[in-house]
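Participant: any chance you can model this:
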Amino acid sequence: MKGFTATTLLMLCMPLAALANEPLEVEDYRYGMDLDIKQVISVKSEQPDNFSSSCVPVKEEMIYKDSQGHEHDLKYQVMSTDCNNG
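Facilitator: You can find the predicted model right below:
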């Protein structure tokens, strides 16, 4: 490429690199959402500070890839692991 230096090419590519490292937008789960989950990357549980051994809703956050390879960040609620199934 005539007239392009390594510095020029680097400056043109920098905005693309910045987009690749941009944090995912967190989406709150809504009942009935159509989810396309191909691969779960991570699941984090947000236990409350005053969490005691009781059956309460807790927030979780899942990062996953869809069938197109795009990453998503989803927040939702589940019941704590201290709930009895009886």
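Participant: just the element for residue 34, please.
Facilitator: For residue 34, there is no enclosing helix or strand under DSSP states H and E.
Participant: got it, and residue 64?
Facilitator: strand 57-65.
Participant: now the angle from the next helix-or-strand element following that strand to strand 57-65?
Facilitator: Going down the chain from strand 57-65, the next helix or strand is strand 71-79, by DSSP H and E. Orientation of strand 71-79 against strand 57-65 (axes from the mean of the first three to the mean of the last three C-alpha atoms, to 10 degrees) gives an angle of 160 degrees.
Participant: and strand 71-79, what does it pack onto?
Facilitator: strand 26-28, strand 57-65 (3 or more C-beta pairs under 8 Å, 6 or more residues apart in numbering; DSSP states H and E). C-betas here are computed from N, CA, C, even on glycine.
Participant: which one of those lies nearest to residue 71?
Facilitator: strand 57-65 (5.6 Å; C-beta to C-beta).
Participant: got the CA positions of the closest one in PDB?
Facilitator: Provided in PDB are the C-alpha atoms of strand 57-65 (Å, rounded to 0.1, in the frame of the first residue of the first chain):
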ATOM      1  CA  PRO A  57     -34.000 -14.900  46.000                       C
ATOM      2  CA  VAL A  58     -30.400 -14.100  45.000                       C
ATOM      3  CA  LYS A  59     -29.000 -12.300  41.900                       C
ATOM      4  CA  GLU A  60     -26.900 -14.100  39.400                       C
ATOM      5  CA  GLU A  61     -25.100 -12.900  36.300                       C
ATOM      6  CA  MET A  62     -24.200 -15.200  33.300                       C
ATOM      7  CA  ILE A  63     -21.900 -14.400  30.400                       C
ATOM      8  CA  TYR A  64     -22.600 -16.700  27.400                       C
ATOM      9  CA  LYS A  65     -22.100 -17.000  23.700                       C
END
